[in-house]
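1. below: sequence and its predicted model.
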Amino acid sequence: MKLDLESDKAGFQERQVTRHRGADAARAGDRVIEEVPVALVFNGISHAVMMVTPRDLQPFAMGFALTEGLVAKPADVFDIEVREHARSFEIDITIASEDFVQLKQQRRSMAGRSGCGVCGIESLELLDLRPQRIQAAPLPAPLQPAVARAASELGQYQELQRATGGVHAAAWCGVDGAVLKVCEDVGRHNALDKLIGHLALEGVDMRNGFVFMSSRASYELVRKAARMNIPMLATISAPSTLAIDIAAEAGIKLLSFCRQDGCVEYS
């Protein structure tokens with residue numbers, strides 16, 4: 001499988017705007033984050049259309065396949081090919097036959113939006129709200145110093161956020177809180193899928209570290225982390241009740257309102 005892990009896409013566009021300051025108005029250029037439809041096609045069958053920032057699309061496809069439980073392991077993804085159209089992208093993913101058989105049995109029609117990870121799901125039974133316990137040892141205590149370091153370092157890696165002010169970031173951190181990899185996207189769940197895809201393609205053991213995110217902690221983020229045996233998820237903003245419940249059932253440490261001077265532990 002040939003993968004181009006470094007995207008040459010800017011991820012934003014220059015648009016002309018009018019800036020108002022009191023009674024003054026002036027024309028200026030502004031950088032705006034890109035959001036485009038991306039169709040995910042598995043073994044020739046369209047599975048989902050997500051709204052995504054068009055960077056790191058191959059890792060995004062790998063991460064989506066893993067965190068949605070469509071494949072059991074990275075080796076089950078044989079090929080990923082990105083096709084660019086006029087105003088959209090299509091990603092052709094070739095997966096193992098046993099995974100494809102299961103995919104067809106559980107197939108759903110999903111029109112994804114940037115703010116939601118389960119839009120368009122056909123029935124409540126397909127939500128999969130009962131995760132298994134993760135197979136990972138707890139991170140060494142105390143946790144707050146590691147979270148504080150991640151919070152202090154994240155900003156320097158948020159290239160698209162600095163350019164546009166309109167994206168989420170997902171960071172992979174060592175047990176000491178050092179930020180090792182960051183992915184950005186208009187959707188928080190897309191950013192996490194891109195990050196996990198990169199880690200999977202690079203053979204990183206996701207049991208030895210944690211994810212730090214610039215967003216709130218929602219259900220789908222915790223569920224994706226659970227599928228990858230990630231022992232801790234830390235977020236800058238608040239969690240939802242379902243995120244707390246899923247984290248507790250999966251055995252994931254969930255920390256939110258994470259700042260350099262403190263955090264709130266919910267698990």
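-> Everything's here; your move. Residues are numbered from 1 along each chain as shown.
2. just the terminal-to-terminal distance for stretch 38-56.
-> In stretch 38-56, first residue to last residue: 12 Å (Cα to Cα, to the nearest Å).
3. what of stretch 244-259?
-> One end of stretch 244-259 to the other measures 19 Å (Cα to Cα).
4. can you give me the helices in the stretch 1-150 of the chain?
-> 57-67, 97-105, 144-153 (DSSP state H, counting those that start in this stretch).
5. got the contact list for the spatially closest residue to R133 that is not a sequence neighbour?
-> Take R133 and drop its neighbours on the chain: the residue closest to it by Cβ to Cβ, 6 or more residues apart in numbering is G251, 4.7 Å away. Just so you know, the C-beta spots here come from the backbone N, C-alpha and C atoms, and that holds for glycine as well. For G251, the contacting residues are 133-134, 231, by Cβ atoms under 8 Å, 6 or more residues apart in numbering.
6. now A136
-> By Cβ under 8 Å, 6+ apart, the contact list for A136 reads 207, 229-231.
7. I'd like these as TSV, with pLDDT and secondary structure appended.
-> As requested, those are exported to TSV (pLDDT from 0 to 100; DSSP: H, G, I helix; E, B strand; the rest coil):
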residue	pLDDT	secondary structure
R207	97	coil
N229	97	coil
I230	98	coil
P231	97	coil
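8. show me which of the residues you listed are buried.
-> For those, a burial check counting by 16 or more other Cβ atoms under 10 Å picks out 229-231.
9. out of these, who's nearest A243?
-> Distance to A243, by Cβ to Cβ, is smallest for I230 among those, at 13.6 Å.
10. which residue ranges form the strands in the protein?
-> With DSSP state E applied, the chain shows strands at 12-21, 24-33, 36-42, 45-52, 77-84, 89-95, 110-111, 168-173, 179-185, 210-213, 232-235, 253-259, 262-265, listed in chain order.
11. which stretch among those comes nearest L66?
-> Taking Cβ to Cβ as the criterion, strand 77-84 is the member of the strands of the chain that comes nearest to L66, at 8.2 Å.
12. quick one: neighbours of the nearest residue to P239 once chain neighbours are set aside, just the number.
-> When the adjacent residues along the chain are set aside, P239 lies closest to A217, with 3.7 Å between them (Cβ to Cβ, 6+ apart). With neighbours defined by other Cβ atoms under 10 Å, the count for A217 comes to 28.
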